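Colleague: the following block contains a protein sequence and its predicted model.
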Amino acid sequence: AQKVTQAQTEISVVEKEDVTLDCVYETRDTTYYLFWYKQPPSGELVFLIRRNSFDEQNEISGRYSWNFQKSTSSFNFTITASQVVDSAVYFCALSASKGGATNKLIFGTGTLLAVQP
Amino acid sequence: NAGVTQTPKFQVLKTGQSMTLQCAQDMNHNSMYWYRQDPGMGLRLIYYSASEGTTDKGEVPNGYNVSRLNKREFSLRLESAAPSQTSVYFCASSGFVGRGSNQPQHFGDGTRLSIL
């Protein structure tokens, strides 16, 4: 069975603080993909990053960084120097590839991040 | 750039009524999906279409039907709406899927559906 767990339901930080959002996944597939999406208060879902199971390199994009560790089945997301505009619900998602099967996404329950000014 | 377009954006129905949610994408994607989002439960897959002419059940298909009208359009139908189907519905699409290249899904803005 595939599962994504985001244990942090809500996080509140003050602007300029660093914050890490946790994501733990479960899958028996050796090839899989992990994603992060952002859902701001306006409601749309914005794609942030995709990582495949063969690439454990960490990635940095501006104030965002992602730490993928297969040994602990985790794909954590860090925002450095948080800003009020980062306030949103963040979803981690998993998709397993089986030689051409469609990439159905299994979502975590999301983490609501509130950045206070 | 329209991307994925969903209509309507809001709808209120009475129990037992039927309706169809429309979704269209202009990115020439093969695969399309319907999700529902409920508080505290993330997004759950209702139905998906890997390619034009095919549809398959997702995690929560009961009470819904879908039609992949052509490559661009994928509709979701509620035949007899129930209060438990009150939710926000998202349509998504994705490009090439296969070993080494699962493309991210692109989402529409959602349809807020209330069933009284």
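Modeller: Ah, there it is.

Colleague: ok, the worst-scoring helix or strand of chain A on mean pLDDT: who's next to it in the sheet?
Modeller: Each helix and strand of chain A was given a mean pLDDT (mean pLDDT, DSSP states H and E); the minimum falls on strand A:59-61 at a mean of 83. Its sheet considered, strand A:59-61 pairs with strand A:64-69 (antiparallel) by DSSP bridges.

Colleague: mind exporting the C-alpha coordinates of the strand it pairs with to PDB?
Modeller: Backbone C-alpha positions of strand A:64-69 (Å, rounded to 0.1, in the frame of the first residue of the first chain) are rendered in PDB as follows:
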ATOM      1  CA  TYR A  64      12.900  26.800  -0.700                       C
ATOM      2  CA  SER A  65      14.900  23.600  -0.200                       C
ATOM      3  CA  TRP A  66      14.000  19.900  -0.200                       C
ATOM      4  CA  ASN A  67      15.800  17.100   1.600                       C
ATOM      5  CA  PHE A  68      15.100  13.600   0.200                       C
ATOM      6  CA  GLN A  69      16.300  10.700   2.300                       C
END
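
Colleague: what's the following helix or strand after that strand?
Modeller: Once strand A:64-69 ends, the next helix or strand along the chain (criterion: DSSP states H and E) is strand A:74-79.

Colleague: one step back: who touches the least confident helix or strand of chain A?
Modeller: Defining contact as C-beta atoms under 8 Å, 6 or more residues apart in numbering or on different chains, one finds that strand A:59-61 is touched by A:49, A:51, A:65-66. All C-beta spots, glycine's among them, are computed from the backbone N, C-alpha and C.

Colleague: can I get those residues in a markdown table with pLDDT?
Modeller: Shown next, in a markdown table, are the contacts of strand A:59-61 (pLDDT from 0 to 100):
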| residue | pLDDT |
| --- | --- |
| A:Ile49 | 89 |
| A:Arg51 | 87 |
| A:Ser65 | 92 |
| A:Trp66 | 92 |
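
Colleague: nice, that's everything, thank you.
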